[in-house]
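Enquirer: I'll drop the sequence and a predicted model, then ask my questions.
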Amino acid sequence: MRISIFGLGYVGAVSAGCLAQDGHEITGVDPSEAKVDLINRGQTPIIETDIGGIIEHAVKDKRLRATTDIAAAFNNSDLSIICVGTPSLANGGLDLGYVRRVCEQIGEQLRNKKTFHIVVVRSTMLPGSMRAVVIPTLERFSGKTAGKDFGVCINPEFLREGTAVFDFYHPPKTVIGEIDARSGDTLAQIYADLDAPLIRTTIETAEMVKYTDNVWHALKVGFANEIGNICKSLGIDGHKVMDIFCHDTKLNLSPYYLKPGFAFGGSCLPKDVRALTYKARSLDLDLPILNAILPSNERQIERGLRMILGKGSKRIGILGFSFKAGTDDLRESPMVEVIERLLGKGHELRIYDRNVKLAGLVGANREYILHRIPHISRLMVETIDDVLGFAETIVIGNGDKEFRDVPGRLRDGQNMIDFVRVTDSVSNSNYDGICW
């Protein structure tokens, strides 16, 4: 393909070199004559493993050139990739000035172009930036309509400094956010030979994925450091602890526990977080990440409660109130907390959970329900139908399989709040997902 790349910084230079090495005809655009001259001499404008040799050979083979002439680069390409910087503002927001300016320049060139041109953004931008800045600017300066007269995609990069070339050719995933299938099809061809999952999605989802990745990486660093700080204070080798931790790819390093939903509970997680943070305080350690876990969990309980109260219903039905489907454990179940608060506010409740039946409970669970929450046991009913026939608002409290058909059984005027996503639906007039 004939591709123009706007911005020859870190992402732009790596993308230009690697795409040229793959056989594409690349024209790099940058206002810095120093960067342009370096590339045209076959030299890299950045320090990065392997990119120097790649640029040298690409220039020698006439697959890569650079210019300050926007019109020449644009008109000699069918697809443009925006790789300009998005630096932080003093308030923590993003400065999209460079993105806006390059979209103005590209829009001016689009105005007179007769063929279908695709604009791809690789710059990291907050969700909503494509709809609020990129697309309106391109349309305003071109006089054309995105998705009809020209294509628009966002293609976030997952390049680490120092291993960017390796990451370009071995990405964990390739994400394309698109507003029209034609543009997505064309962009996907660039990555056809990469051995990585190709994910095509909405532009907002693609914008958010990049931030989710980076904040998760930052959280992992902070988490490991705080565990290491506790270990050092106790005379334990933190590296050995985390090495063993990382051997678990079933739960620790896996998709498990990474589904948005309701608060955690049960007999282990709350108790162990409390114990470890208590131990850290006794060692005079300030661990803001670990100390924030339980307050964050409490905020999710409050969020769920606000959603229920926001429906304005007097009669509420709860389907599932053990802390997890397939168990009868009520200890520190966040749903028990929600039920207690709803009762305290004068609501009428009916509760169903096939795993929590008083006659079958033994040991700690029976003791808990008889002596800690006897008032809740009196609200328990025998069937889902008992709840559906009573309540104005239905709350799905855990992921039991028998709740999956409940959305289709709601009667007119009945609302449902889902804390676990028993359906693939997103929030609508009578269905409200806590995080979707």
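Expert: Sure, I can see it.
Enquirer: please make it C-alpha for all contacts and neighbour counts, starting now.
Expert: Will do.
Enquirer: please enumerate the strands of the protein.
Expert: Along the chain, counting by DSSP state E, strands occupy 2-6, 25-29, 64-67, 79-82, 118-121, 151-154, 174-178, 198-201, 315-319, 348-352, 393-396, 415-418, 431-433.
Enquirer: for residue 307, give me its contacts.
Expert: Shown in contact with residue 307 (CA atoms under 8 Å, 6 or more residues apart in numbering): 417, 434.
Enquirer: on that earlier part again, switch the strands of the chain over to TSV; also include mean neighbour count and mean pLDDT.
Expert: Converted to TSV, the strands of the chain look like this (neighbours: other CA atoms under 10 Å; pLDDT from 0 to 100):
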stretch	mean neighbour count	mean pLDDT
strand 2-6	26	98
strand 25-29	26	98
strand 64-67	24	98
strand 79-82	24	98
strand 118-121	25	98
strand 151-154	27	98
strand 174-178	24	98
strand 198-201	16	98
strand 315-319	24	98
strand 348-352	22	96
strand 393-396	26	98
strand 415-418	24	97
strand 431-433	21	96
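Enquirer: can you list those in TSV and add distance to residue 91?
Expert: Formatted as TSV, those follow (distance: least, CA to CA, whole Å):
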stretch	distance to residue 91
strand 2-6	27
strand 25-29	30
strand 64-67	34
strand 79-82	25
strand 118-121	24
strand 151-154	25
strand 174-178	28
strand 198-201	30
strand 315-319	43
strand 348-352	46
strand 393-396	39
strand 415-418	35
strand 431-433	32
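Enquirer: so for residue 192, which of those sits nearest?
Expert: strand 198-201 (8.7 Å; CA to CA).
Enquirer: domain parsing for this structure?
Expert: 2-201, 204-252, 296-433 (automatic domain parsing).
Enquirer: now do the end-to-end distance for the longest one.
Expert: Pointing back at domain 2-201 there. 24 Å (CA to CA, to the nearest Å).
Enquirer: mind checking which helix or strand of the chain has the lowest mean pLDDT?
Expert: Sorted by mean pLDDT, DSSP states H and E, the helices and strands of the chain end with helix 363-371, the least confident at a mean of 72.
Enquirer: low-confidence stretches in the stretch 251-400 of the chain?
Expert: 358-365 (pLDDT under 70).
Enquirer: averaged pLDDT, the longest helix along the chain. What do you get?
Expert: Identified as the longest helix of the chain according to DSSP state H is helix 203-233. For helix 203-233, mean pLDDT is 97.
Enquirer: please spell out which residues along it are buried.
Expert: 203-208, 210-211, 222-223, 225-231 (16 or more other CA atoms under 10 Å).
Enquirer: all helices for the stretch 51-200 of the chain, in order.
Expert: 51-60, 70-75, 97-110, 129, 135-142, 164-169, 181-190 (DSSP state H, counting those that start in this stretch).
Enquirer: want to throw those into a markdown table with distance to residue 314, mean neighbour count and mean pLDDT?
Expert: Formatted as a markdown table, the helices of the stretch 51-200 of the chain follow (distance: least, CA to CA, whole Å; neighbours: other CA atoms under 10 Å; pLDDT from 0 to 100):
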| stretch | distance to residue 314 | mean neighbour count | mean pLDDT |
| --- | --- | --- | --- |
| helix 51-60 | 65 | 20 | 98 |
| helix 70-75 | 62 | 19 | 97 |
| helix 97-110 | 50 | 20 | 98 |
| helix 129 | 41 | 17 | 97 |
| helix 135-142 | 45 | 20 | 98 |
| helix 164-169 | 55 | 18 | 96 |
| helix 181-190 | 47 | 16 | 97 |
